[in-house]
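K.L.:
Attaching a predicted model along with its sequence, questions to come.
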Amino acid sequence: MDAFDIVIVGGGSAGISAAMRGADQGARVCLIEQERIGGACFRKGLYPYKAAMTALNNNSSDVTVNGIIDDKKLAHYVKRVIESVAINWESRLSELGVDIRLGRGELLSPGVIRINANDAISEVRGKKIIIATGSQPASLPTLPFEDDVVISADDVFENMSTPKSVFVLGGEASGCELAVLFQRLGSKVFMSHHKPRLLMGQDPDITDAIESSLKKLKVKILLGKKLSSYYKNDGLLDITLSGGIKFQVEKIILNLGREGNSINLGCEGLGIRLGARKEILVNEFLETSTAGIFAVGSVTGRRSTTGISEEEGRIAVDNAMGKNKAVNFDWTPFIISADSEIACVGCFAEEAHHKGFRAVEGKFESKNLDYSLLRSEDRGFFKIVADARSGIVIGGQIYSNHASHLIPLVLLAMKKGMKVGALASLACDGSGENRGIREAARACTRALKAQLKSP
């Protein structure tokens, strides 16, 4: 039986991140994946969405015929791109010495995992085990999944088709992305969210920006509404929401709760506690109720983003190797890849007092950047938030075409405990979009000085 320092069950974004971290630290790592490296993130979530949007935004791509999007060509393009990404990751992990085993992992004891690969069965031993098996969509009791009529967000890329009208039930980041995707495909899009805003808990300007962007795309946003009923009517679905709102669509996409992929792992036999949605319960150090076994990613029940899952994978490996680290969610960017990108990290001004800060923010509109003027763009903004007492950067919010590429600069400043003046003196190309960070930091510096002068 082969022995490893760390055995990871699940090869999605969290599992890959954990494997990379373990290999970088000199551990002997085994990564067990049931299908192909990448998991749901690569094949059902963020990656196929980004690949599809790239094709739709690229005028030279071959996914259209006579100006009309060909679903089969788009699906083939997405599959081809994702396959290349998976192959690249398999190669990178192998070069780092990670032992990749394909098959379904089952925990026999706190240190032994059985691998079921078709008719072949093998076992490996691990000093520490990390479960990263992800999650799957859960339907509503009153709205079960039905092939090509009521589907989950995970099934969108399984059988690509463009309905004339679609209802996305559930907001948040992934709901916004799905709404943009189907709008670009040519569907009339309805989206409901049971809360009064699409992005509760985010900077109000960011929430305003995403809602305004979707409305400009003619997405019908229905806030504070729940599904009351739906009926099939001659190939269409009659939808009724709370408050008596009614409309018809061809397809419903459920973007709601998820259940952890913990069944058939052997958790119960090892005393690993599960929650009501089959999620694996962990402590602040990502360790399960069984010593030496950790769990990361959406299998833990959190609505994980790729960034959070990757950070949890790294933290779990550190803790498996003797450290006691907790995930700092303020250091994990929140990102939406919609019509333009949104990226946030740390505090926004209105919530900073809950975390012991007195916030001062600086804001700069993208329309005033040379970058935007050169490209005839007029939307977007940059915000930098600092603590009024120390001047240290505690957060940032960006709404721009490349927000996800720019937000790491703000995160680095936060991690290094840098003062806002450091960002205000950021060296950058005058025609570059990153100048927005510098100008927002300068505005924040001026606000800090004005507050010091005020009685």
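P.N.:
Okay, I see it. Because the structure is a prediction, the values reported are computed rather than measured.

K.L.:
what element comes up after the helix ranked longest in the chain heading to the C-terminus?
P.N.:
When the chain is parsed with DSSP state H, its longest helix is helix 71-95. Reading on from helix 71-95 to the C-terminus, the next helix or strand found by DSSP states H and E is strand 99-102.

K.L.:
Sheet partners, orientation included, of the next helix or strand along the chain from that next one?
P.N.:
Downstream of strand 99-102, the first helix or strand assigned by DSSP H and E is strand 104-109. Here strand 104-109 is paired, per DSSP bridges, with strand 112-117 (antiparallel).

K.L.:
just the helices in the stretch 351-455 of the chain please.
P.N.:
Per DSSP state H, counting those that start in this stretch, the stretch 351-455 of the chain carries helices over the ranges 370-375, 403-415, 420-424, 435-453.

K.L.:
List the buried residues for the shortest one?
P.N.:
Using 16 or more other Cβ atoms under 10 Å as the burial criterion, the residues of helix 420-424 that qualify are 420, 422, 423, 424. Every C-beta, even on glycine, is put in place using the N, C-alpha and C of the backbone.

K.L.:
Output the residues you listed as TSV; include the columns pLDDT.
P.N.:
Shown next, in TSV, are those (pLDDT from 0 to 100):
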residue	pLDDT
420	97
422	96
423	96
424	95
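
K.L.:
Run through the stretch 201-350 of the chain and note the low-pLDDT ranges.
P.N.:
303-304 (pLDDT under 70).

K.L.:
still on that earlier bit, how far away from the center of its chain is the longest helix of the chain?
P.N.:
Remark: helix 71-95 is offset 19 Å from the chain centroid, using Cα atoms, centre = their mean, to the nearest Å.

K.L.:
for it, packing partners?
P.N.:
Packing partners of helix 71-95 (3 or more Cβ pairs under 8 Å, 6 or more residues apart in numbering; DSSP states H and E): helix 13-24, helix 39-43, helix 46-57, strand 99-102.

K.L.:
repeat that with 6 Å
P.N.:
Judged by 3 or more Cβ pairs under 6 Å, 6 or more residues apart in numbering; DSSP states H and E, helix 71-95 is in contact with helix 46-57.

K.L.:
Centre of the chain to the next helix or strand along the chain from the helix it packs on, how far?
P.N.:
The C-terminal neighbour of helix 46-57 among helices and strands, as given by DSSP H and E, is strand 64-65. When C-alpha coordinates are averaged (Cα atoms, centre = their mean), strand 64-65 and its chain have centres 30 Å apart.

K.L.:
which stretch among the helices of the stretch 351-455 of the chain comes nearest residue 153?
P.N.:
Evaluated with Cβ to Cβ, those place helix 403-415 nearest to residue 153, the distance being 19.8 Å.

K.L.:
then that closest one to PDB, C-alphas only?
P.N.:
Extracted in PDB, the C-alpha atoms of helix 403-415 (Å, rounded to 0.1, in the frame of the first residue of the first chain):
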ATOM      1  CA  ALA A 403     -11.500  44.300 -12.000                       C
ATOM      2  CA  SER A 404     -10.400  40.800 -11.200                       C
ATOM      3  CA  HIS A 405      -6.900  41.500 -12.500                       C
ATOM      4  CA  LEU A 406      -6.600  44.700 -10.500                       C
ATOM      5  CA  ILE A 407      -8.000  43.800  -7.100                       C
ATOM      6  CA  PRO A 408      -4.900  41.800  -6.100                       C
ATOM      7  CA  LEU A 409      -3.000  45.100  -5.800                       C
ATOM      8  CA  VAL A 410      -5.400  46.200  -3.100                       C
ATOM      9  CA  LEU A 411      -5.200  42.800  -1.400                       C
ATOM     10  CA  LEU A 412      -1.400  42.900  -1.400                       C
ATOM     11  CA  ALA A 413      -1.500  46.300   0.300                       C
ATOM     12  CA  MET A 414      -3.900  44.900   2.900                       C
ATOM     13  CA  LYS A 415      -1.800  41.800   3.600                       C
END
